[in-house]
Each structure stands twice: as structure tokens, then as C-alpha cells.
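*Asks:* sequence first, then the predicted structure:
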Amino acid sequence: DTAVSQTPKYLVTQMGNDKSIKCEQNLGHDTMYWYKQDSKKFLKIMFSYNNKELIINETVPNRFSPKSPDKAHLNLHINSLELGDSAVYFCASSLGLAGMDQQFFGPGTRLTVL
Amino acid sequence: AQTVTQSQPEMSVQEAETVTLSCTYDTSENNYYLFWYKQPPSRQMILVIRQEAYKQQNATENRFSVNFQKAAKSFSLKISDSQLGDTAMYFCAFIGGGSNYKLTFGKGTLLTVNP
């Protein structure tokens, strides 16, 4: 009964391809996030959705498009992959937007662009 | 904008000893929340401990405790009786209590517990 799950866990692809990462949470949370962890382990938020509405969009190239079909899912689609997109992508969820609401992280997806 | 600084890229400690990881932050907000997350080699992000800025009492979770100095904007993590399983990257993180919903992370400290 995984709380926040991501698929796939590993993704290896060629430059220029389009790929998607799926995220699902079974915690009944209203808010979901995508984070990127680069090769130096630095974690930075990319997007946040609350009740399927985009709340945070952090200067991310528009090749990245999040999609939230319902509150339990937040998928990340990446077009025209570049070498610099190689990273670990984490999905997370929280009850709401309040700072006190703990964010629960998924296991991460390691994306390697060749 | 908020910033979180972890000045120790790497630290090591002997099993059963105590170690303190440093974190400072910068914010103009009065109400906010601070966190320490642990990321072991499995790469799972695990919440270790949380502190609410308006609470003066330092948070404690078993062997983990914090020293929260609001005026100095300092939030250090103390791990007592270190165990081999504590070996991980530790991230300090900040989130505002107002309309800034972003969790901002420090660059992390790699802690190695030696047998």
C-alpha cells in the first residue's frame, strides 16, 4: 500500500524523444508536486497542483508539461528531451497547501538522456 | 526569496556517537516551517523532523533533535547514538506559512556513520 508511487523508476532514452512519468497518491491529498534532483543532489520544485489547479510553475522550460487528470494523479510529460534533463524526478503530495502539511515523496524516477 | 544554506557538504561520525548538522536560512517571514529530510542510498526522501517557527520548544523525534535559534535563523539537527542506518544525505528545508507554498531545500550534507 504505497502512499505515493511513480512509474517508471528508471527511464533511459535518446535525445529528442518524448517521455512521460506517472505519479499516483492514495493518501486522499489535495496537493501534488514535481521536484527535480540534479546530479549534485540539489532538489528544486518544478510544479505544484492543488485540486487539479496549477499553483506553482517554477521557470521550467515549456517542454515540461504536467497534467493532473484527477486529484490522485499528476503526470509529467517531457517533449524533445535534452541531455540536461537527466536527473531524478520526485513526485510528492500533501494534504493541502499549508506549510504545516507534510509532503510525502514518491520513490523517484531516474531519467537518463543519451 | 527564501534561501537555505547547509555549510557542511560531508560529515562522518563513529557509530554510537553524536553528530550535529548545520543549517541556516534567510526569510522575512515571521511564521514558517522547517524540516530535515533524510535521503538514504535507496533515494527515498524521508521526513526526519519538523519545527514550527512559532513554537519555541525544540522538536525531538527519538534520537533526532533540533536546535532552533529563530533570531539567528539557525536550525541544526543533532543525531544521538548514531547508527549505520543513519548514513544518508540530509536536507534542511523551509516553507513559508503564508501564500508561498514552495518547499526550499538546502544543498544537503552527506553523513557517513562508520562502524
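*Replies:* Thanks, I have it. Numbers count the residues shown, from 1 in each chain, chains lettered A, B, ... in the order given.

*Asks:* need the contact list for whichever residue of chain B sits closest to chain A.
*Replies:* Closest to chain A within chain B is residue B:45: 3.7 Å, counting by Cβ to the nearest Cβ. The way it works is simple: take the backbone N, C-alpha and C, and place the C-beta from them, glycine included. Applying Cβ atoms under 8 Å, 6 or more residues apart in numbering or on different chains, one finds that residue B:45 lies in contact with A:90, A:92, A:105, A:108, B:37, B:38, B:39, B:91.

*Asks:* and the helix or strand containing residue A:36, what does it pack onto?
*Replies:* For residue A:36, the element it lies in under DSSP states H and E is strand A:31-37. Applying 3 or more Cβ pairs under 8 Å, 6 or more residues apart in numbering or on different chains; DSSP states H and E, one finds that strand A:31-37 contacts strand A:19-25, strand A:43-50, strand A:73-78, strand A:87-94.

*Asks:* between those, which one is closest to residue B:8.
*Replies:* The closest of the helices and strands packed on strand A:31-37 to residue B:8 is strand A:43-50. By Cβ to Cβ, the value is 17.1 Å.

*Asks:* that closest one pairs with which strands, and in what direction?
*Replies:* Using DSSP bridges, the strands paired with strand A:43-50 are strand A:31-37 (antiparallel), strand A:53-57 (antiparallel).

*Asks:* before we move on, back to that, quick one: distance of the strand holding residue A:36 to the chain centre.
*Replies:* On the basis of Cα atoms, centre = their mean, to the nearest Å, strand A:31-37 sits 4 Å off its chain's mean C-alpha point.

*Asks:* for stretch A:85-105, same thing?
*Replies:* Counting by Cα atoms, centre = their mean, stretch A:85-105 is centred 8 Å from the centre of its parent chain.

*Asks:* tell me which residues of it come out buried.
*Replies:* A:85-94, A:97, A:99, A:101, A:103-105 (16 or more other Cβ atoms under 10 Å in any protein chain shown).

*Asks:* chain B contacts on chain A?
*Replies:* For chain A, the residues in contact with chain B (Cβ under 8 Å from any Cβ of the partner chain) are A:33, A:40-45, A:48, A:55-56, A:58, A:88, A:90, A:92, A:97-100, A:102-103, A:105, A:107-108, A:110.

*Asks:* related to what we said a few turns ago, among the strands paired with strand A:43-50, show the one with the smallest mean pLDDT.
*Replies:* Mean pLDDT across those is lowest at strand A:53-57; the value there is a mean of 88.

*Asks:* the helices in chain B, which residues?
*Replies:* With DSSP state H as the criterion, chain B has no helices.

*Asks:* all strands for it, in order.
*Replies:* Here chain B has its strands, by DSSP state E, at B:3-5, B:10-14, B:19-21, B:24-26, B:32-39, B:46-52, B:60-61, B:64-69, B:74-79, B:88-96, B:104-105, B:109-114.
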